[in-house]
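Asker: sequence unknown, structure follows:
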């Protein structure tokens, strides 16, 4: 070792640790300038001895605080090592960080990002885009991207949004990997769990729809689907019964399944690649597949058209529900008498103007009396605006009633509907089958 290296090593000793840490804070705060003093509270004997050695001034053993001018420490370090105080601190590590310079650099980087965001044509065209950009600035997201050196993700997010907004309205849906490849060059860049980029884009899409960005894979798939981006078109599916439709392939399969009263699982892939038209005045919606199964087993082809949410509605469910409503059909929904079930009812009423069916206070109280289970309600209470008495009754009874427990009542209604149809076929199905019979005869 050289003499300066040997002398430099002595400053790694414990008695210099707090003193040099205070010196580091002072230099970083003052842009590297040697000015002012640093101090030690309640110094140890070793620390007091070290300071005496630096200053040449005696300090008594009972001293509570020692202060030393930074210039004196700088002079001592130079005399001992031949290096500046800053050099010694950076040799010990880490490098000094000058806060004022960092703040300036951060401000400049943040402004560059904002300039890029405002340069997009989306900024002038869409209020939701401006809201998204302001949100990223105010909540620290942009600062975090700068600190992680991930600002390219922001640029990619803008390209994704521009691509989606520039697609013609009659364009076919695009698969998520294809969208990612077209905008980032990486087919997996928008996959769930791939860092901040998918979240950045989905935050903007949620703002464009005027809804909060909800957690969960299905909620995110549905949000992508609202912009004709398909995440997983095979995993997402919806269970239906007696839902005849027109259209090659899927429309024919659904109509054939309805003829025999057999349940049918429709995938999102089928809904996208084999477009259908569902021309039915009323379609019932249940929450639990056990109810649909009973309808298939007991009513068969005479059951009214029925689709099942299977708990939380899938992207395929929502796409099919939109098709029904946009064609002029009405959804009549029944779900669990618990707070999540009421929340689901409210969501379907808001999105599709679905009519709650067999979900009155009288229905609930009758079910409570007949139900042998005594499951308490849990979760946040929900309003029942279609009948406020229902929420009041649920709060009073504090009992949940699940849909399968009232299946007998639901099937009794459907049996009545089937009898009203006259020939045993589901309403909306008979005219189509008659037409097809005539067509085959010709």
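Answerer: Yes, it's here. Only a predicted model underlies this, so the values are computations on that prediction, with no experimental measurement involved. Residues are numbered from 1 along each chain as shown.

Asker: for residue 84, which non-adjacent residue is spatially closest?
Answerer: Excluding its sequence neighbours, the residue lying closest to residue 84 (Cβ to Cβ, 6 or more residues apart in numbering) is residue 78, at 6.4 Å. (Glycine included, C-beta is placed from N, CA and C.)

Asker: low-scoring stretches of the stretch 51-200 of the chain, by residue?
Answerer: For the stretch 51-200 of the chain, the stretches with pLDDT under 70 are 98-102, 104, 170.

Asker: mind listing the helices for the stretch 301-442 of the chain?
Answerer: Here the stretch 301-442 of the chain has its helices, by DSSP state H, counting those that start in this stretch, at 315-326, 339-352, 361-370, 388-397, 407-420, 430-441.

Asker: the stretch 151-300 of the chain: helices as residue ranges?
Answerer: 151-166, 176-184, 196-209, 217-226, 250-260, 268-273, 289-298.

Asker: so which of these gets nearest residue 341?
Answerer: Ranking the helices of the stretch 151-300 of the chain by their distance to residue 341 (criterion: Cβ to Cβ) puts helix 289-298 first, at 12.7 Å.

Asker: contact partners of the closest one?
Answerer: Helix 289-298 is contacted from outside by 239, 241, 261-263, 286, 303, 306, 308, 310, 334, 403-404, 407, 410-411, 414, using Cβ atoms under 8 Å, 6 or more residues apart in numbering.

Asker: do the same with stretch 179-193
Answerer: 156, 159-160, 163-164, 176-178, 194, 197-198, 201, 217, 220, 229, 231.

Asker: neighbour-wise, which one of those residues leads?
Answerer: Within the contacts of stretch 179-193, neighbour counts (other Cβ atoms under 10 Å) peak at residue 201, which reaches 28 neighbours.

Asker: just checking, it touches residue 160?
Answerer: Yes. At 5.0 Å, residue 201 counts as touching residue 160 under the criterion of Cβ atoms under 8 Å.

Asker: still on that earlier bit, quick check: buried residues in the host helix or strand of the residue nearest to residue 84?
Answerer: Assigned by DSSP states H and E, residue 78 falls within helix 70-81. For helix 70-81, the neighbour count (16 or more other Cβ atoms under 10 Å) marks 70, 72, 73, 74, 76, 77, 80, 81 as buried.

Asker: what of stretch 122-142?
Answerer: Applying 16+ other Cβ under 10 Å to stretch 122-142 flags 122, 126, 128, 129, 130, 132, 133, 136, 141, 142 as buried.

Asker: report all helices and strands that the one helix or strand the fourth one maps to contacts.
Answerer: According to DSSP H and E, residue 129 maps onto helix 127-138. For helix 127-138, the elements it packs on are helix 99-119, helix 121-125, helix 196-209, judged by 3 or more Cβ pairs under 8 Å, 6 or more residues apart in numbering; DSSP states H and E.

Asker: those: which one's closest to residue 391?
Answerer: helix 196-209 (27.2 Å).

Asker: touching that closest one from outside, list them.
Answerer: 126, 128-129, 131-132, 135-136, 141, 145, 150, 153-154, 156-157, 160-161, 164, 184, 189-192, 212-213, 220, 223-224, 226-227.

Asker: on that earlier part again, now distance to residue 113 too, for the buried residues of stretch 122-142, in JSON lines please.
Answerer: Below are those laid out as JSON lines (distance: Cβ to Cβ, whole Å):
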{"residue": "122", "distance to residue 113": "15"}
{"residue": "126", "distance to residue 113": "18"}
{"residue": "128", "distance to residue 113": "19"}
{"residue": "129", "distance to residue 113": "14"}
{"residue": "130", "distance to residue 113": "15"}
{"residue": "132", "distance to residue 113": "13"}
{"residue": "133", "distance to residue 113": "9"}
{"residue": "136", "distance to residue 113": "9"}
{"residue": "141", "distance to residue 113": "10"}
{"residue": "142", "distance to residue 113": "5"}
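
Asker: circling back to that earlier point, give me the PyMOL select line for the contacts of helix 289-298, limited to the buried ones.
Answerer: To isolate the buried ones among those in PyMOL, judged by 16+ other Cβ under 10 Å, type:
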select buried, resi 239+241+261+263+286+303+306+308+310+334+403+404+407+410+411+414
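
Asker: take the contacts of helix 289-298 and keep only those in strands.
Answerer: Using DSSP state E, the subset of the contacts of helix 289-298 located in strands is 239, 241, 286, 306, 308, 334.

Asker: hang on, the third one packs against residue 305?
Answerer: The reference is to residue 286. No. Counting by Cβ under 8 Å, residue 286 stays clear of residue 305, with 11.6 Å between them.

Asker: report pLDDT for the nearest residue to residue 344 once chain neighbours are set aside.
Answerer: Taking Cβ to Cβ, 6+ apart, and ignoring the residues beside it in sequence, residue 344 has residue 335 as its nearest neighbour in space, at 5.2 Å. For residue 335, the pLDDT comes out at 95.

Asker: now swap in residue 299 and tell me
Answerer: For residue 299, the model assigns a pLDDT of 95.

Asker: residue contacts, residue 51?
Answerer: Counted by Cβ under 8 Å, 6+ apart, residue 51 has contacts 19, 40, 43, 59, 66, 68.

Asker: kindly report the same for residue 44.
Answerer: So residue 44 contacts residue 15 (Cβ under 8 Å, 6+ apart).

Asker: could you do residue 363 as well?
Answerer: With Cβ under 8 Å, 6+ apart, residue 363 has these contacts: 406, 409.
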